[in-house]
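Peer 1: just to be clear, the model below is a prediction. Sequence and coordinates:
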Amino acid sequence: MTFERALSDSTTFKVCFVCTGNICRSPMAEAVFNDLIAKAGLNKRIVVASAGTGDWHVGEPADDRTINALAARGYNGSGHRARQFDPEWFSKLDLIVAFDRGQERILRTWAPSDQDRSKVQPMLGFDSDLAHLIDVPDPYYSDAALFDHVLGVIERACGSLFRQITPGIT
């Protein structure tokens, strides 16, 4: 099911991971979360997508370092194409996950209501051991080692998030 089609499906729990350009952190989280969903057999109950707050990379694939870090851990990010978050999605999404305070602030500014603002949550807030870090570092201006480190942080936070939402879905 495509993300656009899933937005109109009221029977699925819809999550959107949002970073800056949708080529590094959010595609990682989308791949990791899709893997968790598939392994749990919840493909028809949870739908995940990713987007960026900016439009610089719309239509482009994920950064090569993102794809390589994902592939090294058994995930496939090769089909990803960047998109910009559309504020019209607020009413259709259940959860919007931001990777840093800047994205969180932008998304909450775009939200048309208090209810929609409450859907925006920080990625690291789902893992009590990581929450003190507040932001997931942006690896874009760094090397492959930081991409690998960031993916590890995202895997851990995604696992915590998945464990928190699945009891209400299954």
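Peer 2: Looks like it came in fine.
Peer 1: helix, strand, or coil at Val18?
Peer 2: Here Val18 is recorded as strand under DSSP: H, G, I helix; E, B strand; the rest coil.
Peer 1: ok, Ala62 - contacts?
Peer 2: For Ala62, the contacting residues are 23-24, 27, 70, 77, 80, 82, by CB atoms under 8 Å, 6 or more residues apart in numbering. For every residue, glycine as well, the C-beta is placed using N, CA and C.
Peer 1: mind running it again at 10 Å?
Peer 2: 21-28, 30-31, 50, 68-70, 77-82 (CB atoms under 10 Å, 6 or more residues apart in numbering).
Peer 1: try Asp35
Peer 2: 70, 73-76, 155, 158, 162.
Peer 1: select the longest helix from the protein.
Peer 2: Looking across the chain with DSSP state H, the single longest helix is helix 144-165.
Peer 1: how about that one: buried residues?
Peer 2: Residues of helix 144-165 classed as buried: 146-148, 150-151, 153-158, 160-162, 165 (neighbour count, 16 or more other CB atoms under 10 Å).
Peer 1: same thing with stretch 53-62?
Peer 2: By 16+ other CB under 10 Å, the buried positions in stretch 53-62 come out as 53-54, 57, 61-62.
Peer 1: just put those in JSON lines and tack on distance to Ala111, pLDDT and secondary structure.
Peer 2: As requested, those are exported to JSON lines (distance: CB to CB, whole Å; pLDDT from 0 to 100; DSSP: H, G, I helix; E, B strand; the rest coil):
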{"residue": "Thr53", "distance to Ala111": "13", "pLDDT": "98", "secondary structure": "coil"}
{"residue": "Gly54", "distance to Ala111": "17", "pLDDT": "96", "secondary structure": "coil"}
{"residue": "His57", "distance to Ala111": "23", "pLDDT": "94", "secondary structure": "coil"}
{"residue": "Pro61", "distance to Ala111": "29", "pLDDT": "97", "secondary structure": "coil"}
{"residue": "Ala62", "distance to Ala111": "26", "pLDDT": "97", "secondary structure": "coil"}
